[in-house]
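Participant: got a predicted model here, sequence first, then my questions.
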Amino acid sequence: MPLKKIEQNAHKEYHTWKVENMSEAFAKVDPDEDQFPNYPVKKTHYFSTKFQGHVVDWCVTLNFCNNKLKCGCEIIFDAVKKLEPKNHVTCNFYLIDADKNKFFLGRKNRKFDNSPVSYCSRVSVSCLPYLPNTIDKLLPNDTMTLYFELITYLDDDPIFPDERMYYTYYPDPNSSGDFSELYKVQDDRDVMIYVQGVAFPVHKRVLKARCPKLYEMVDYHQHMSDGNDNQVALTDIEPEIFKRVLEFMYTRNVEDLDDHAVGLLEAASNYELTRLINLCEQSLTSYYFTNENAEEIESLANKCGASKLFSNVKTLQLLHTVNKANAIQKMAHRRN
């Protein structure tokens with residue numbers, strides 16, 4: 001059976017926080033000082049969400065650290081009033097780089113159970129200031145842009161995406177240029193790509209910048225026809241998937257990626273679109289993975305060279321095995 005997205009009854013809201021003067025904040029951190037648990041340098045941000053007439057105030061704090069164990073930021077997330085949320089929520093954290101690419105950092109689940117216990121929800125951003133040759137992309141103008149996706153679940157017992165997903169920031173080798181406005185322009189597209197009889201006009205310069213492999217195919221075809229043929233046929237992809245591949249090439253985003261993550265991962269692997277592979281890996285781990293389909297997702301990851309997806313599946317399988325063993329052990333103790 002084909003992999004199916006886990007559908008949940010939920011409401012999504014989004015918020016952006018621009019954190020300025022990052023180098024100044026890190027400069028204030030003494031690497032020889034014991035920083036845990038009271039970090040000396042912090043930045044705090046508040047935002048509100050409104051759902052079904054209920055307003056919740058949220059607090060996000062960045063703890064800056066620079067010691068032998070860790071360098072970077074730790075994100076602390078929770079409701080201002082601990083008992084204020086009336087639904088289960090998940091907050092996904094992303095970094096927006098200089099090319100407006102959105103990179104997943106981590107997530108925290110906030111289960112509402114009428115308990116007065118304070119939640120310590122932490123996400124470690126553990127190498128932001130020291131990634132070689134990426135600082136200008138990660139922190140343009142010395143500013144870090146954080147993007148929050150807050151999901152409010154309507155179901156009483158939702159399926160939470162796992163918090164222990166593994167991702168690493170890699171600069172996109174094909175991210176130069178901004179073609180989002182060209183995506184709306186049809187007149188001067190100089191290549192026609194046919195996918196199972198469906199025509200897709202494309203700007204050749206966009207293919208060259210975004211997808212060298214597809215550009216080489218088109219260029220070779222034109223060379224063999226002495227430049228007289230600007231039409232190319234593809235047989236290894238579905239029209240609905242290729243439509244979204246083009247959307248990604250132009251805009252660096254796919255609006256409904258989560259609904260087509262399997263087909264897009266296969267296409268991204270075939271056309272060597274590294275950034276799209278990363279996005280599909282995140283989507284599949286978040287919205288498709290179950291213990292029942294783990295082997296199928298593992299096989300897909302191997303087929304597509306999706307190393308982070310493979311690593312996530314193995315990690316979640318191991319955690320499931322450990323949790324199951326612990327549950328059996330607890331049950332045995334109760335019986336005794």
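Facilitator: Nice, I can see it.
Participant: what segments of the stretch 51-200 of the chain are helices?
Facilitator: Taking DSSP state H, counting those that start in this stretch as the test, the helices found in the stretch 51-200 of the chain are 135-138.
Participant: got any ranges where it has weak pLDDT?
Facilitator: By pLDDT under 70, the low-scoring segments of the stretch 51-200 of the chain are 66-71, 113-135, 166-171, 176.
Participant: list the contacts of stretch 172-185.
Facilitator: Defining contact as Cβ atoms under 8 Å, 6 or more residues apart in numbering, one finds that stretch 172-185 is touched by 99-101, 203, 206, 209-212, 247, 249-252, 273-275. Every residue, glycine included, has its C-beta placed from N, CA and C.
Participant: change it to 6 Å
Facilitator: Stretch 172-185 is contacted from outside by Asp99, His203, Val206, Ala209, Arg210, Tyr250, Thr251, Arg275, using Cβ atoms under 6 Å, 6 or more residues apart in numbering.
Participant: for these, which single residue is the most surrounded?
Facilitator: Greatest neighbour count in these, by other Cβ atoms under 10 Å, goes to Arg210: 26 neighbours.
Participant: can you give me every residue that contacts that residue?
Facilitator: Residues near Arg210 by Cβ under 6 Å, 6+ apart: Asn174, Met249.
Participant: now it. Its backbone dihedrals?
Facilitator: The phi and psi values for Arg210, taken as degrees, to the nearest 10, are phi -100, psi -30.
Participant: flag every buried residue along stretch 180-199.
Facilitator: Leu182, Arg189, Val191, Ile193, Val195 (16 or more other Cβ atoms under 10 Å).
Participant: quick check, nearest of those residues to Asn326?
Facilitator: Using Cβ to Cβ, Val195 is the member of those that lies nearest Asn326, at 49.5 Å.
Participant: quick check: the gap between the closest one and Leu214.
Facilitator: From Val195 over to Leu214 the distance is 12 Å, taken as Cβ to Cβ, to the nearest Å.
Participant: tell me the centre residue of the chain?
Facilitator: In the chain, the centroid-proximal residue (Cα atoms, centre = their mean) is Phe104; its distance is 3.6 Å.
Participant: pretty sure that residue contacts Glu281?
Facilitator: No - taking contacts as Cβ atoms under 6 Å, Phe104 lies outside contact range of Glu281: 9.2 Å.
Participant: in this structure His277 contacts Ala268, no?
Facilitator: Actually, residue 277 is Ile rather than His. Yes - using Cβ under 6 Å, Ile277 makes contact with Ala268 at a distance of 4.5 Å.
Participant: comparing these two, which shows the higher neighbour count?
Facilitator: Shown here are Ile277 and Ala268; by other Cβ under 10 Å, Ala268 has more neighbours (26 against 23).
Participant: residues in contact with the helix or strand that one falls within?
Facilitator: In the assignment (DSSP states H and E), Ala268 maps to helix 261-270. Helix 261-270 is contacted from outside by Leu3, Ile237, Ile241, Val245, Leu276, Ile277, Cys280, Ser283, Leu284, Cys304, Gly305, using Cβ under 6 Å, 6+ apart.
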